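Visitor: Here's a sequence, model it:
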Amino acid sequence: MKPPHGAAALSDAFRTFASATKPAAPRTTPIGKVYSRSIGAAALGCFFYVPPRRDLSRPPLICVHGISRNALEHVYAFRDLADEFGFPVVAPVFGRTSYRGYQTLGQKSGWNALAAFDGAADELAADFGAPFINLFGFSGGGQFAHRYAMARPERVRALSIAAAGWYTFPDAAARYPRGYAGDRPPGADIAAFLTLPMLVAVGSADRARDATLRQGKRINAQQGADRVERARNWVGAINAAAGNRGAPPPAIYTELSGATHAFSDCVAAGLARCVATFFVHRQPRENRAPEGT
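Guide: Predicted structure coming up:
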């Protein structure tokens with residue numbers, strides 16, 4: 001089956017695909033096939049791919065979509081790499097109605113996106129025997145991913161963000177979600193977050209300032225005019241904050257040559273392999289240096 005494009009890849013992608021597939025038997029995992037099921041107490045819909053030969057030392061790769069809700073497309077983008085390196089791929093679907101504002105973890109909805117993802121992570125840990133996840137997010141999913149890693153750094157082995165529109169900076173004076181003052185996610189731990197290996201990617205041509213890019217005087221002044229400037233500035237701020245705590249710089253910045261903001265464009269420019277290679281070669285958490293103080 002080919003991944004859907006256009007309208008078929010929007011918020012009803014999970015329901016469309018799930019209705020066309022037979023659910024797995026209890027405690028049974030289809031191997032070498034893309035499948036779907038709901039997980040966690042919130043019954044968060046997810047697409048899965050588990051490779052025929054799994055490397056048990058490699059945690060699952062969790063991919064978080066942007067506002068197009070193209071979760072299934074993410075699974076297909078990483079499927080061959082999952083076969084090559086032996087890691088499972090899981091892509092949740094945050095519905096437009098139930099999870100408005102998922103990019104900020106559902107701050108205005110009682111942190112519902114955070115809670116739903118926590119429940120999903122618990123079930124994935126039990127299913128795959130992996131206490132950590134490798135977390136990737138694209139565009140709005142990149143916003144979710146780095147904020148989730150701030151809230152739950154103990155669950156994340158490594159983090160990759162691509163084409164995020166804006167970021168939470170390590171700024172104790174700016175209110176969340178621009179910084180981490182005020183009503184920030186429960187459990188947020190900036191010190192632990194700054195020890196996580198991070199890869200931040202953006203297309204070199206991703207400079208459009210359209211309606212999908214959050215703008216305003218405070219955001220522009222803090223972060224930059226477009227996604228390229230914002231990615232560079234955030235990586236600089238993260239590495240500086242880690243250095244101020246006596247920790248090594250955790251974040252790496254990379255540009256995808258010629259790529260625009262389209263997910264397919266970024267994948268064609270090498271995004272999926274870049275991300276997979278980054279995760280595969282990260283040092284295991286238990287072997288990393290202790291957290292900075």
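
Visitor: So Gly243 is in contact with Pro250, correct?
Guide: No. Between Gly243 and Pro250 there is no contact under Cβ atoms under 8 Å: 10.0 Å. To be clear about C-beta, it is placed using only N, CA and C from the backbone, and glycine gets the same treatment.

Visitor: which of the two has more neighbours?
Guide: Set Gly243 next to Pro250 and count neighbours by other Cβ atoms under 10 Å: Pro250 wins out with 22 against 14.

Visitor: was I right about that one contacting Ala240?
Guide: No. The pair Pro250 / Ala240 is not scored as a contact, 11.1 Å apart, by Cβ under 8 Å.

Visitor: which residues of the protein fall in strands?
Guide: Using DSSP state E, the strands of the chain run over 34-39, 44-49, 61-64, 89-92, 133-138, 156-162, 198-203, 251-256.

Visitor: residues making contact with stretch 209-228?
Guide: Contacting residues not belonging to stretch 209-228 are listed as 67, 163-167, 169, 171, 174, 178, 202-204, 206-208, 229-230, 232-234, 255, 261 [Cβ atoms under 8 Å, 6 or more residues apart in numbering].

Visitor: Could you list the low-confidence segments of the stretch 1-150 of the chain?
Guide: Low-confidence segments of the stretch 1-150 of the chain (pLDDT under 70): 1-28.

Visitor: For Tyr253, see how far away Tyr180 is.
Guide: 21 Å (Cβ to Cβ, to the nearest Å).

Visitor: who's more crowded, those two?
Guide: Using other Cβ under 10 Å, the more surrounded residue of Tyr180 and Tyr253 is Tyr180, with 23 against 18.

Visitor: Now do the more buried one against Val34, distance only.
Guide: 37 Å.

Visitor: now Val228
Guide: Distance from Val228 to Val34, by Cβ to Cβ: 33 Å.

Visitor: can you give me the helices for the stretch 51-200 of the chain?
Guide: 71-85, 112-128, 140-151, 190-193 (DSSP state H, counting those that start in this stretch).

Visitor: who are the neighbours of the shortest one, in terms of helices and strands?
Guide: Helix 190-193 makes packing contacts with helix 140-151 when contacts are defined by 3 or more Cβ pairs under 8 Å, 6 or more residues apart in numbering; DSSP states H and E.

Visitor: other SSEs contacting the helix it packs on?
Guide: strand 61-64, helix 112-128, strand 133-138, strand 156-162, helix 190-193.

Visitor: try it again with 10 Å
Guide: Under the contact criterion of 3 or more Cβ pairs under 10 Å, 6 or more residues apart in numbering; DSSP states H and E, helix 140-151 touches strand 61-64, strand 89-92, helix 112-128, strand 133-138, strand 156-162, helix 190-193, strand 198-203, helix 227-244.

Visitor: just how off-centre is that helix within its chain?
Guide: Here helix 140-151 is found 6 Å from its chain centre; the criterion is Cα atoms, centre = their mean, to the nearest Å.

Visitor: Perfect, that will be all.
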